[in-house]
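Peer 1: here are the coordinates; sequence isn't available:
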Ligand SMILES: NC(=O)c1ccc[n+]([C@@H]2O[C@H](COP(=O)([O-])OP(=O)(O)OC[C@H]3O[C@@H](n4cnc5c(N)ncnc54)[C@H](OP(=O)(O)O)[C@@H]3O)[C@@H](O)[C@H]2O)c1
């Protein structure tokens, strides 16, 4: 067991997880909570954040010696700044950007506020937090930026246009930053979960995934694979065999995926919006 974990942990410096101090956003969410348990279980110290303090405090109670809480709204510059100062005090050398939101529905029915909220949290706040923390990561012996993307950061999907826009952009940001920091000791990783059973997927979306035969992961599985990606230094991780296949197919032959999704459209519309032409 010892040698197994040593083998996987070859990208972590001496001391392994016990030497890591992690700033985790989205910690009160489904995947975030599972990540707290996974990484604290591995020995890491974590500074966890989200807006819902009670959910964060419940996590800290489970891991009292390792987890520190700071509630913050990442879309507010002054709260982000306070978080960065706290991360500096805590000596964080790993940033895991897991905060995110989705809005599923027909794009034509999105409001200005919904589009703006998606871009502000999933993209602008994530980029700004990352930039604000970079000096500290650059000064560390080893630093990590781990961005939680999505299958919908590679495959444009009906009913998720705004979300796809943010997750495609996050993937591009991650790749560019990795290349920009290639001569430093910062590792920049992108992990793209497929559909996962969390509050992000309302019951209609779970039902839609079932009707379409789309597999859904548990947040615990996602957390294990995020840990594995960090330990092995894998820069790009797409979860799920079929999703990996379709991501590649979409890159090479997008018209084939266009046709496959065109066939799914009536089912998708049944769950996310009225068929075109139907009376309101
Ligand atoms: N679930 C999926 O099917 C799925 C699939 C692929 C990728 N992902 C990605 O995985 C990540 C985690 O998703 P999840 O399923 O765990 O979602 P979730 O359960 O809905 O959690 C979302 C997290 O984001 C935080 N958050 C939302 N608005 C915030 C704000 N203004 N300031 C600070 N934090 C904020 C929430 O905290 P508070 O509510 O406490 O603020 C919560 O911790 C996201 O980036 C998501 O896009 C999810």
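Peer 2: Received the coordinates, thanks. Because the structure is predicted, anything quoted here is derived from the model rather than measured.
Peer 1: ok, and does stretch 163-172 reach over to the ligand?
Peer 2: No. Judged by CB under 6 Å from any ligand atom, stretch 163-172 stays clear of the ligand, getting no closer than 6.7 Å. Bear in mind the C-beta positions are built from the backbone N, C-alpha and C, glycine included.
Peer 1: I'd say residue 130 and residue 99 touch.
Peer 2: No. At 11.8 Å, residue 130 and residue 99 do not qualify as touching, with contact defined as CB atoms under 8 Å.
Peer 1: Looking at those two, which one has more neighbours?
Peer 2: The neighbour count for residue 130 versus residue 99, taken as other CB atoms under 10 Å, is higher for residue 99 (25 against 18).
Peer 1: Who are the contact partners of that one?
Peer 2: 25, 26, 29, 32, 49, 50, 74, 121, 125, 126 (CB atoms under 8 Å, 6 or more residues apart in numbering).
Peer 1: quick one: residue 232 and the ligand, what's the gap?
Peer 2: Distance, residue 232 to the ligand, using CB to the nearest ligand atom, to the nearest Å: 20 Å.
Peer 1: same thing with residue 164?
Peer 2: 11 Å.
Peer 1: residues touching that residue, list them.
Peer 2: Counting by CB under 8 Å, 6+ apart, residue 164 has contacts 152, 153, 155, 156, 157.
Peer 1: Try it again at 10 Å.
Peer 2: Counting by CB atoms under 10 Å, 6 or more residues apart in numbering, residue 164 makes contact with 102, 107, 150, 151, 152, 153, 154, 155, 156, 157, 158.
Peer 1: near the ligand at all, the strand or helix carrying residue 22?
Peer 2: Using DSSP states H and E, residue 22 sits within strand 21-24. No. Residues of strand 21-24 contacting the ligand under CB under 6 Å from any ligand atom: none, with a closest distance of 9.3 Å.
Peer 1: And that strand, what does it pack against?
Peer 2: Using 3 or more CB pairs under 10 Å, 6 or more residues apart in numbering; DSSP states H and E, the elements in contact with strand 21-24 are helix 30-42, strand 45-48, strand 67-69, helix 77-89, strand 94-97, helix 126-139, strand 143-148.
Peer 1: What residues sit buried inside the helix or strand where residue 58 lies?
Peer 2: Using DSSP H and E, residue 58 sits in helix 53-62. For helix 53-62, the neighbour count (16 or more other CB atoms under 10 Å) marks 55, 56, 59, 60 as buried.
Peer 1: could those go into JSON lines alongside pLDDT and distance to residue 260?
Peer 2: Formatted as JSON lines, these follow (pLDDT from 0 to 100; distance: CB to CB, whole Å):
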{"residue": "55", "pLDDT": "98", "distance to residue 260": "38"}
{"residue": "56", "pLDDT": "98", "distance to residue 260": "41"}
{"residue": "59", "pLDDT": "98", "distance to residue 260": "40"}
{"residue": "60", "pLDDT": "98", "distance to residue 260": "45"}
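Peer 1: how close does the residue nearest to residue 132 when sequence neighbours are not counted sit to residue 190?
Peer 2: Leaving aside its chain neighbours, residue 132 sits nearest to residue 84 (4.6 Å; criterion: CB to CB, 6 or more residues apart in numbering). Distance of residue 84 to residue 190, given as CB to CB, to the nearest Å: 22 Å.
Peer 1: Show me which of these two is the more surrounded one.
Peer 2: residue 190 (24 against 21).
Peer 1: SS state for that one?
Peer 2: With DSSP: H, G, I helix; E, B strand; the rest coil as the basis, residue 190 sits in strand.
Peer 1: so the residue nearest to residue 132 makes contact with residue 25?
Peer 2: No. With contacts counted by CB atoms under 10 Å, residue 84 stays clear of residue 25, the gap being 11.6 Å.
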